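J.: attaching a predicted model along with its sequence, questions to come.
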Amino acid sequence: RRNQLEAALNDINMSSEADEVTVIVYGARHLPTKKKGKRKYSVIFGVGHSKFRTNVVQDFFGNPDWNNESAIAVDNPDKPLLLIVTEKEEILGQISLTLTDLPSAKSGRMNKARLQPHKKCSDPEGELLYEAWVSKTRPAGDTLSLQGSSNKGALKKLKGRLSHSPLLKRKFGGSSGNFS
């Protein structure tokens with residue numbers, strides 16, 4: 001009976017994918033401070049084309065705190081969640097997280113991860129403090145979620161293309177293009 005329950009739970013997990021990810025960027029520790037004076041740090045984060053940036057925090061010691069929470073619409077669940085730490089426009093390193101590895105609920109536990117190399121920074125220093133989880137799911141393969149406003153435009157465009165399709169006009173008759 002227990003194996004059947006585990007199999008059923010796996011089927012449920014396999015049949016859905018991330019539609020929205022929530023990220024809390026708490027802060028960073030031990031970032032490089034080679035220049036004297038205040039450094040201006042921020043984090044660019046997102047999935048696919050959806051990108052956000054924390055506010056810019058000035059810090060003398062390379063330990064900025066942001067405490068920034070954002071919900072990110074996922075347009076492609078195969079893309080990773082990227083968190084890129086910057087000082088002004090210089091990239092200091094990144095964290096890359098596969099969406100399928102994220103928990104499905106807020107744990108309340110802050111993660112601490114060493115910055116990973118980025119194509120513009122091969123030897124990163126420092127750690128990022130964050131929390132991330134999948135806050136909404138959709139059926140697997142359902143890339144046209146009707147909840148997102150950006151998808152309404154895509155659906156309207158698709159409907160417009162279908163209304164001009166000679167094949168569909170022959171099959172359904174008429175030229176009204178009303179396929180609703």
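T.: That came through, no problem. The shown structure was predicted, so the numbers you read here are calculated from the model rather than taken from an experiment.

J.: pLDDT weak spots in this protein?
T.: By pLDDT under 70, the low-scoring segments of the chain are 1-14, 34, 142-180.

J.: can you map out the strands along this structure?
T.: Under the criterion DSSP state E, the chain carries strands at the ranges 16-29, 39-47, 50-53, 57-59, 65-73, 81-87, 90-97, 111-114, 127-139.

J.: show me what counts as buried in the shortest one.
T.: In this case it means strand 57-59. 57, 59 (16 or more other C-beta atoms under 10 Å). For glycine as for every other residue, the C-beta is placed from the backbone atoms N, C-alpha and C.

J.: same check, this time on stretch 110-117
T.: residue 115.

J.: what sits up against that stretch?
T.: For stretch 110-117, the external contacting residues (C-beta atoms under 8 Å, 6 or more residues apart in numbering) are 26, 29, 85, 92-96, 123-132.

J.: columns distance to residue 104 on top of the strands of the chain, output as CSV?
T.: As requested, the strands of the chain are exported to CSV (distance: least, C-beta to C-beta, whole Å):
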stretch, distance to residue 104
strand 16-29, 9
strand 39-47, 16
strand 50-53, 19
strand 57-59, 30
strand 65-73, 14
strand 81-87, 14
strand 90-97, 14
strand 111-114, 16
strand 127-139, 5
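
J.: which of the contacts of stretch 110-117 are buried, as a PyMOL select command?
T.: To isolate the buried members of those in PyMOL, using 16+ other C-beta under 10 Å:
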select buried, resi 26+85+92+93+94+95+124+126+127+128+129+130+131+132
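
J.: doesn't residue 80 make contact with residue 94?
T.: No. Judged on C-beta atoms under 8 Å, residue 94 makes no contact with residue 80 at a distance of 9.8 Å.
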